[in-house]
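Chemist: Compute the structure for the input listed below.
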Amino acid sequence: MAEAVLSFQDAQHRHKIPAPRWSKPWAQRLGPGIVDLNLKLYPGSILGLVGPNGAGKTTLLRMMAGILPLQTGTVTERIKSDEWTQVDDLRTWVGHMPEQVRWQGRTTVRNILLELGEMRELQEARIDGLLNLVGLQHRQDEHLDNLSQGMRQRLSIAAALLGSPKVLLLDEPFNGLDPVAAQAFKELIQRLAKKGVSIVISSHMVAQLGGFIDRIGLLHRGQLLDEGPLEDVETRLALNGRYTVSGPDNIDLDQHLKDINFEHIELVTDKDGWSLTFRGEPHEVLQTLLSNDVILSSWSPVAPNLVEWLCAATGMDVQDISLEVASSALLPMRTKEVGEDE
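Modeler: Numbers count the residues shown, from 1 in each chain. Predicted coordinates:
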C-alpha cells in the first residue's frame, strides 16, 4: 500500500451554540462538531465516510477542506517530499465538492469554468482538459439552467478539480442521481483515483458504497469510531463471514446441518420457502445441503448496514442508535474504548 500523504492529528472543530446567562445574554459555548480526529489519507484510495444524519460528516469535510478552521490539532503532509511538513492552508492540496451546488443561469458550462479558472490563473487548455475528464466536452455550450442533476454533479467535480488537488472531498455526491447516472459517476471517481487522487466520499447509505470504496470510516456524534480497509474494519467489529442461503421448500434445516460447525444467526420461513443467515464456512454448508438433495434458490455474503456498523462500533443497542439529526445541545460521545461519557 502507498504511504499516506495527508495526516490529521487530534483535529477538532466544534460549533459554538448559545449559552446565555443573565449577566451575559450573548454568551456561547462549544457544542457538537468534530472531536479528536486522527485520520490519514492515501493516494489513489477511496475512503467512504459513513454515519447517520447529524453525525458530523459535512462538518468534517468542511474542516478537512480548510473552510472551517482547526480549533486544536495539527495537519501534516508529505506530498512535496518524503518528510512530514505542517500544512498552513489545506486549500493548497484539497478540492471540495459540497452536497448542493446551485448551478443556474444562462451562462454556459465552459464559461462558468473559465470564470472560476481565472481566479487561479488557469489556461483554457486546462479547462478543456477538465471538461473531457468529467465527460462534459459535448455539453460545454449548454446553459446551466438546462443541466440534469448528473451533469450538475460532473460540473461540481470539475470545479473542485480546478486547482489540481491531491485530495478530493465529495459530500453526498449520489443524492438525486438515478442508477445509471450514479454508476457513471462512480466510474468517473474511480478514474480520478487511478490518477493518484485521494478521495473521501461522505454518505449515510452504506449500500451505495459497496464494491466501490477501498476504506471505510465510521462517524457518530462527531467522532471517528473506526477507519481502515473495509475487510479489516469488518473483522475488527465481528461483522465479517456472514452469508445467506435460501430455498423454495420448507425443510428441516437443523437436521440437515446438525453435523456442521457454524453459527446460526437467523432463519426465516414463509409460504415462498426459507432463508438462513449464518456465520461460518459457506462451501461446507452449501455442499452439505446439496448432498442432501436440498434445492437452493440463492446464496450470497451479507454486507452490514449502517445500523449494524454503528452498533458494533459503539457497543450500543439498535434502540439507542438514533438516525435522526442530533440535538444541537448534544455533546460528542465517547467511544466504548474510553469507557466514560462526556
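Chemist: List the buried residues in the one helix or strand A184 maps to.
Modeler: Assigned by DSSP states H and E, A184 falls within helix 179-194. The neighbour-count check on helix 179-194 (16 or more other Cβ atoms under 10 Å) flags 181-182, 185-186, 188-189, 192-193 as buried. The C-beta positions use only the backbone N, C-alpha and C, and glycine is treated the same way.
Chemist: Take these and lay them out in a markdown table including pLDDT.
Modeler: Formatted as a markdown table, the buried residues of helix 179-194 follow (pLDDT from 0 to 100):
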| residue | pLDDT |
| --- | --- |
| A181 | 83 |
| A182 | 85 |
| F185 | 86 |
| K186 | 90 |
| L188 | 88 |
| I189 | 91 |
| L192 | 91 |
| A193 | 93 |
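Chemist: that older thread, show me the contact partners of the helix holding A184.
Modeler: Contact with helix 179-194 is made by 44-46, 133-135, 148-150, 153-154, 157, 161, 168, 170, 173-174, 177, 199, 201, 208, 212, as judged by Cβ atoms under 8 Å, 6 or more residues apart in numbering.
Chemist: swap in stretch 31-41?
Modeler: 4-17, 47, 54, 56, 59-60, 63, 73, 167, 198, 200, 217, 221-224, 227, 326, 328-332.
Chemist: cutoff 7 Å now
Modeler: Stretch 31-41 is contacted from outside by 4-17, 47, 56, 59-60, 63, 73, 167, 198, 200, 222-224, 227, 326, 328-332, using Cβ atoms under 7 Å, 6 or more residues apart in numbering.
Chemist: Tell me which two of the buried residues of helix 179-194 sit farthest apart.
Modeler: Greatest spacing in the buried residues of helix 179-194, by Cβ to Cβ: A181 and A193 (18.9 Å).
Chemist: Tell me the helix or strand right after the helix or strand where D10 lies.
Modeler: Applying DSSP H and E as the criterion places D10 in strand 6-18. Remark: after strand 6-18, the chain's next helix or strand is strand 28-41, criterion DSSP H and E.
Chemist: Can you list the strands that that next one pairs with?
Modeler: Paired neighbours of strand 28-41 in the sheet (DSSP bridges): strand 6-18 (antiparallel).
Chemist: What segments of the stretch 201-342 of the chain are helices?
Modeler: Applying DSSP state H, counting those that start in this stretch to the stretch 201-342 of the chain gives helices spanning 206-209, 230-236, 253-256, 282-291, 306-314.
Chemist: domain parsing for the protein?
Modeler: Taking automatic domain parsing as the domain assignment, the ranges for the chain are 1-103+154-239+304-342, 104-146, 242-298.
Chemist: what separates the helix holding A184 from the chain centre, distance-wise?
Modeler: In terms of Cα atoms, centre = their mean, to the nearest Å, the centre of helix 179-194 is found 15 Å from the chain centre.
Chemist: repeat for stretch 134-142
Modeler: With Cα atoms, centre = their mean as the basis, stretch 134-142 stands 28 Å off its chain's centre.
Chemist: Can you check the distance spanned by that stretch, start to finish?
Modeler: From its first residue to its last, stretch 134-142 covers 15 Å (Cα to Cα, to the nearest Å).
Chemist: Which positions in that stretch come out as buried?
Modeler: For stretch 134-142, by 16+ other Cβ under 10 Å, it's 134-136, 139, 142.
Chemist: Same question for stretch 194-201.
Modeler: For stretch 194-201, the neighbour count (16+ other Cβ under 10 Å) marks 197-201 as buried.
Chemist: and which of these is nearest to Q255?
Modeler: Using Cβ to Cβ, the buried residues of stretch 194-201 come closest to Q255 at I201, 46.3 Å.
Chemist: who's in contact with that closest one?
Modeler: Taking Cβ under 7 Å, 6+ apart as the criterion, I201 is in contact with 46, 48-49, 170, 173, 209, 213.
Chemist: Start from the N-terminal end of the stretch 151-300 of the chain and give the strands.
Modeler: In the stretch 151-300 of the chain, the strands defined using DSSP state E, counting those that start in this stretch lie at 167-171, 198-203, 215-220, 223-229, 242-247, 263-270, 273-279, 298-301.
Chemist: For these, could you give me a markdown table that also reports distance to L30 and mean pLDDT?
Modeler: Formatted as a markdown table, those follow (distance: least, Cβ to Cβ, whole Å; pLDDT from 0 to 100):
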| stretch | distance to L30 | mean pLDDT |
| --- | --- | --- |
| strand 167-171 | 23 | 94 |
| strand 198-203 | 23 | 93 |
| strand 215-220 | 18 | 92 |
| strand 223-229 | 14 | 93 |
| strand 242-247 | 40 | 92 |
| strand 263-270 | 42 | 87 |
| strand 273-279 | 42 | 90 |
| strand 298-301 | 42 | 90 |
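Chemist: Select, out of the ones you listed, the one closest to G117.
Modeler: Comparison of those against G117 by Cβ to Cβ identifies strand 167-171 as nearest, at 17.2 Å.
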